[in-house]
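Asker: I would like to see how this sequence folds:
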Amino acid sequence: MPLAPVDDRGTQLYYEDSGEMSGSYTTVVIVHGTAFHGAIFRRMFQHAAAHKLRLVTINRREYPGSTPLSDDDLRAVAVADVATGREIFRRQSIEIARFLAWFLETESIPPAHDKSGGGETGGIILLGWSSGWAYIAPLLGDADTVPADLVQALSPYFRGLCALDVPRLLLGLPLFEGANLYHPVYDDALTFEEYSTYFQIWVSSYYLHADVFAWRAEGLTEEILDSPPEGKRATTEEMTTEEKMSLVSVSAVERFERPLLRVPASNDIFLDTTHKIFGKNESPVWPKCKIYMMWCEHSVWETVMGAWHIQDLYKARKEKGEAGRELVTMFMPECNHFVSLDHVA
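Answerer: Modelled structure (predicted):
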């Protein structure tokens with residue numbers, strides 16, 4: 001079992017690696033979202049080399065193979081105020097940075113450099129899928145607090161962060177005006193077992209939104225179709241029980257994820273980092289790192305709204321001359337939240 005040490009107290013993170021290759025390539029380190037761990041990306045490994053990519057997935061704390069959170073951490077999560085919540089995510093982002101430093105020391109990967117025809121290659125892009133974004137965003141949002149040894153180790157390699165289909169909730173940003181859309185996280189009528197089952201369908205369905213470019217709540221739908229078109233059935237409904245068991249950690253949701261998202265201060269926990277990461281970058285730490293964002297046409301309304309917010313925030317800052325890091329966006333038509341499964345052969 002591949003494990004990486006991330007502190008001097010025995011904390012380890014489980015990871016999987018598509019493998020080294022010759023020549024120059026970019027390493028993409030992927031941090032998973034809620035319930036579904038790093039195995040969700042295994043299908044992409046076989047295609048990585050053809051695209052000059054090395055893919056590395058990390059299982060966060062509480063997920064298979066990695067060191068669980070302490071009882072003290074879990075108690076703090078259940079009653080987290082803003083300061084405690086921010087510290088939880090900042091600390092885990094530092095553990096991920098420690099993983100990167102360890103991986104760079106252990107493996108041989110090309111540093112970031114410009115290509116002769118333009119653009120960049122080599123180095124590392126750190127990608128957060130869904131709620132995984134909240135565990136990597138503090139590295140740039142609070143870059144000045146990253147230990148100096150990590151800054152030095154990562155600087156020749158670190159090209160930026162990528163937000164893959166990030167929910168609005170994990171950005172700390174408000175609902176668009178008029179939005180009255182269902183979210184199972186806040187449904188007190190659901191038992192945990194009901195929530196766990198329904199969440200998997202809710203997050204993996206294909207939503208036929210009226211207009212994902214409307215930038216209005218009226219353009220979105222919460223409807224899960226009883227008889228979806230061919231190829232548009234919820235991803236988890238196409239899985240066998242064994243497949244789900246190999247991809248999902250219910251205990252992580254029960255012990256950590258759901259309690260944290262339900263605390264009253266949850267929005268404020270994330271909002272500060274969001275504003276910092278897209279604000280004027282006066283930090284001397286990783287000043288050239290970019291923010292990449294990918295969003296999906298048929299994903300759950302939360303992530304479409306999140307993509308709208310990110311683009312609005314960046315545009316407003318840029319118009320005022322207050323934008324910091326460059327934002328690079330990519331829209332993925334016909335895709336749902338599980339693009340790494342449904343659109344990979």
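Asker: alpha carbons only for contacts and neighbour counts from here, please
Answerer: Noted.
Asker: Other residues contacting the longest helix along the chain?
Answerer: If you go by DSSP state H, the chain has its longest helix at helix 82-106. Outside helix 82-106, the residues that touch it by Cα atoms under 8 Å, 6 or more residues apart in numbering are 4-7, 13, 76-77, 134-139, 146, 150, 153-154, 265-266, 268-270.
Asker: Buried members of those into PyMOL, please.
Answerer: Here is the PyMOL selection string for the buried members of those, based on 16 or more other Cα atoms under 10 Å:
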select buried, resi 4+5+6+13+77+134+135+136+137+138+139+146+150+153+154+265+266+268+269+270
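Asker: Return the distance of the longest helix of the chain from the chain's centre.
Answerer: 14 Å (Cα atoms, centre = their mean, to the nearest Å).
Asker: do stretch 56-68 as well
Answerer: From the chain centre to the centre of stretch 56-68 is a distance of 14 Å (Cα atoms, centre = their mean).
Asker: Alpha carbons of it, in PDB - could you do that?
Answerer: Presented in PDB, the C-alpha positions along stretch 56-68 are these (Å, rounded to 0.1, in the frame of the first residue of the first chain):
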ATOM      1  CA  VAL A  56      -1.500  11.000  -8.700                       C
ATOM      2  CA  THR A  57      -4.500  10.700  -6.500                       C
ATOM      3  CA  ILE A  58      -4.500  11.300  -2.700                       C
ATOM      4  CA  ASN A  59      -7.000   9.900  -0.200                       C
ATOM      5  CA  ARG A  60      -7.800  12.600   2.400                       C
ATOM      6  CA  ARG A  61      -7.800  11.900   6.100                       C
ATOM      7  CA  GLU A  62     -10.700   9.600   7.100                       C
ATOM      8  CA  TYR A  63     -10.600   7.900   3.700                       C
ATOM      9  CA  PRO A  64      -9.200   4.400   3.000                       C
ATOM     10  CA  GLY A  65      -5.500   3.900   3.700                       C
ATOM     11  CA  SER A  66      -4.900   7.400   5.100                       C
ATOM     12  CA  THR A  67      -4.600   8.200   8.800                       C
ATOM     13  CA  PRO A  68      -8.000   9.000  10.400                       C
END
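Asker: one step back: spell out which strands sit alongside the following helix or strand past the longest helix of the chain in the sheet and which way each one runs.
Answerer: Scanning forward in sequence from helix 82-106 by DSSP states H and E, the next helix or strand is strand 113-114. Partners of strand 113-114 in the sheet, by DSSP bridges, are strand 120-121 (antiparallel).
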